[in-house]
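Visitor: I'd like to go over a predicted model; first the sequence, then the structure.
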Amino acid sequence: MTIEVTGGIVVRERGTVVTYRQRCDECGYVYDYDKTTIVPAYSTRSARNFTCPECGHYQEVSMRHHK
């Protein structure tokens, strides 16, 4: 299974542990540091939402396993 992310890009994944970077869907800005979280196998995980420092867009971050 792969991880599907809204509001971020996957840097690496190992089972249910995912390392990602926050990404603004509005302007494409990507933070230059990684965050790590656990994504449950059969549900969606809401991660750290943020306000983009470039354009001010409020971006929600969520992840789920995609078959």
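Guide: All right, it came through fine.
Visitor: Could I get the contacting residues of the residue most central in space within the chain?
Guide: Taking Cα atoms, centre = their mean, the centroid of the chain lies closest to G8, which sits 3.5 Å from it. Going by Cβ atoms under 8 Å, 6 or more residues apart in numbering, G8 touches Y20, R21, Q22, R23, A47, V61, M63. To be clear about C-beta, it is placed using only N, CA and C from the backbone, and glycine gets the same treatment.
Visitor: what's near enough to touch the residue sitting furthest away from the middle of the chain?
Guide: Most distant from the centre of the chain: C55, at 18.3 Å, with distances by Cα atoms, centre = their mean. Each residue near C55 by Cβ under 8 Å, 6+ apart is listed here: C24, E26, C27, Y29.
Visitor: residues contacting the first one?
Guide: C24 makes contact with G7, V30, C52, E54, C55, H57, Q59, according to Cβ under 8 Å, 6+ apart.
Visitor: From these, keep the buried residues only.
Guide: G7, C52, Q59 (16 or more other Cβ atoms under 10 Å).
Visitor: I figured E60 was touching G7, is that so?
Guide: Yes: using Cβ atoms under 8 Å, E60 is in contact with G7, at 5.6 Å.
Visitor: how about the strands in the protein?
Guide: Remark: strands assigned in the chain by DSSP state E are 2-6, 8-14, 17-22, 35-38, 45-46, 50-51, 58-59, 62-66.
Visitor: Would you reformat those as JSON lines and include mean pLDDT?
Guide: Below are the strands of the chain laid out as JSON lines (pLDDT from 0 to 100):
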{"stretch": "strand 2-6", "mean pLDDT": "89"}
{"stretch": "strand 8-14", "mean pLDDT": "94"}
{"stretch": "strand 17-22", "mean pLDDT": "95"}
{"stretch": "strand 35-38", "mean pLDDT": "94"}
{"stretch": "strand 45-46", "mean pLDDT": "90"}
{"stretch": "strand 50-51", "mean pLDDT": "96"}
{"stretch": "strand 58-59", "mean pLDDT": "96"}
{"stretch": "strand 62-66", "mean pLDDT": "89"}
